[in-house]
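Chemist: I need the structure of the sequence given here:
(2 chains)
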Amino acid sequence: EPEVTQTPSHQVTQMGQEVILRCVPISNHLYFYWYRQILGQKVEFLVSFYNNEISEKSEIFDDQFSVERPDGSNFTLKIRSTKLEDSAMYFCASSEGASGQANSPLHFGNGTRLTVT
Amino acid sequence: AQRVTQPEKLLSVFKGAPVELKCNYSYSGSPELFWYVQYSRQRLQLLLRHISRESIKGFTADLNKGETSFHLKKPFAQEEDSAMYYCALLPRGGANSKLTFGKGITLSVRP
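Modeler: Numbers count the residues shown, from 1 in each chain, chains lettered A, B, ... in the order given. All right, here's what the predicted structure looks like:
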């Protein structure tokens, strides 16, 4: 069964540094997402991406964040200048369609644990 | 605004015991409810959704609109059920970006 893959599984960075989290969505999926989960808290939506542009973003997704689909397979999340509070598990997800209904459920990657020191 | 509440953080039971993982929601419209599961060191994956009315791995969940609940139940827990479980809500017909998760509950099934 096809899977969403994320690299690296764990990233440690110093405050103020830039990080890029990488994801390879399922190949026939058209919608891509980033979620994050701060330790002990709920999974939160960050951004959705379709047709090479952001379709929706949450208030968490400020100017420090950006997403890109640099080629036909990768989907990246960049944090320009990391802060301590950016430490979290970041999940990439993809879906065939836009809706969470039966025909377009979200498929998640294993996540990247980002630790900002 | 929609909200999902999972009031407990941890449920620990013995193998063979019944399990009920609680989920309450707040949403003014017509929601779709889901349960996601995350086994140790694995990805978050969809367990079941209320519109399918299916039983997956012995788990069932019924949407109770009167009580605004979507509790996950299993009559006889197995050790392999140990995992983190998340309840999630989506406005009916809404985009995946509107999916709202609860904080999750850890289910621990002891031998």
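Chemist: any regions of chain A where pLDDT drops low?
Modeler: A:99-103 (pLDDT under 70).
Chemist: hmm, try it at 90
Modeler: A:1-2, A:28, A:39-42, A:56, A:70-73, A:96-106 (pLDDT under 90).
Chemist: ok, the residue nearest to the spatial centre of it to A:Leu46 distance?
Modeler: In chain A, the centroid-proximal residue (CA atoms, centre = their mean) is A:Trp34; its distance is 2.8 Å. A:Trp34 sits 4 Å away from A:Leu46, taking CB to CB, to the nearest Å as the criterion. Glycine gets a C-beta too; all of them are placed from N, C-alpha and C.
Chemist: run a quick neighbour tally on residue 1.
Modeler: All of this is about chain A. 4 (other CB atoms under 10 Å in any protein chain shown).
Chemist: that's the wrong chain, I meant chain B
Modeler: 6.
Chemist: cool, and A:Pro25?
Modeler: 26.
Chemist: if I look at it, how far off is B:Leu44?
Modeler: 15 Å.
Chemist: what's the answer for A:Leu39, then?
Modeler: For A:Leu39, the distance to B:Leu44 - CB to CB - is 15 Å.
Chemist: how about the contacts made by A:Gln6?
Modeler: A:Gln6 sits next to A:Leu21, A:Arg22, A:Cys23, A:Val24, A:Tyr90, A:Phe91, A:Cys92, A:Gly109, A:Asn110, A:Gly111, A:Thr112 when contact means CB atoms under 8 Å, 6 or more residues apart in numbering or on different chains.
Chemist: do B:Tyr85 as well
Modeler: B:Leu21, B:Trp35, B:Tyr36, B:Val37, B:Gln38, B:Leu47, B:Leu72, B:Gly104, B:Ile105, B:Thr106, B:Leu107.
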